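Enquirer: below are the sequence and a predicted model for it; my questions follow.
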Amino acid sequence: MTTRRQFISYSVPTLIALSAIGKASAAPAHIEETDATANALGYKHDATKVDGKKFAGYAAGHVCSNCQLYQGAASDPWGACAIMGGKQVNAKGWCSAWAKKA
């Protein structure tokens, strides 16, 4: 027969573990170039594929990792972007909202 104290002592660690798993799997998704916001801003996963004629604001060296809106570390391959609703963008990507990091 299980006592209430035993039940709680087994349940609490299990709930903590499940909570940690849930948080780990809740990481923001990588944005797709076909996403409505990404498409509207001309986002590309690879900045070298940006059409410079269509997007006059693009210049070589402008990538997400050196943009003010990029929320990851410069060394991260993907990081959240404030303009993309917190979805992760490729550090080597680019969009027309690019702004020089201060």
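Expert: Perfect, I can see it now.
Enquirer: let me see the contact set for the residue nearest the centre of the chain.
Expert: Nearest residue to the geometric centre of the chain (CA atoms, centre = their mean): Gln88, 1.7 Å. By CB atoms under 8 Å, 6 or more residues apart in numbering, the contact set of Gln88 is Ala27, Pro28, Ala29, His30, Ile31, Gly72, Trp78, Gly79, Ala80, Cys81. Yep, even glycine has a C-beta here, placed from its N, CA and C like the rest.
Enquirer: please apply the same query to Val63.
Expert: Ala47, Ala91, Lys92, Gly93, Trp94.
Enquirer: could you do Lys54 as well?
Expert: Counting by CB under 8 Å, 6+ apart, Lys54 makes contact with Gly42.
Enquirer: which other residues reach the helix or strand containing Thr37?
Expert: Assigning secondary structure by DSSP states H and E places Thr37 in helix 36-40. Residues from elsewhere that reach helix 36-40 (CB under 8 Å, 6+ apart): Ile31, Glu32, Glu33, Tyr43, Ile83, Met84, Gly85, Cys95.
Enquirer: quick one: Asn65 is in a helix?
Expert: You called it Asn, but residue 65 is Ser. Yes - counting by DSSP: H, G, I helix; E, B strand; the rest coil, Ser65 is part of a helix.
Enquirer: look up phi and psi at the residue nearest to the centre of the chain.
Expert: phi -80, psi 140 (degrees, to the nearest 10).
Enquirer: apart from its neighbours in sequence, what residue is nearest it?
Expert: Leaving out its chain neighbours, the residue that sits closest to Gln88 by CB to CB, 6 or more residues apart in numbering is Trp78, at 4.3 Å.
Enquirer: quick check, pLDDT for that neighbour.
Expert: In this model, Trp78 is scored at 96, pLDDT.
Enquirer: what residues are up against it?
Expert: Counting by CB under 8 Å, 6+ apart, Trp78 touches His30, Gly72, Gln88, Val89, Asn90, Ala91.
Enquirer: what sits against His62?
Expert: Residues near His62 by CB under 8 Å, 6+ apart: Ala47, Trp94, Trp98.
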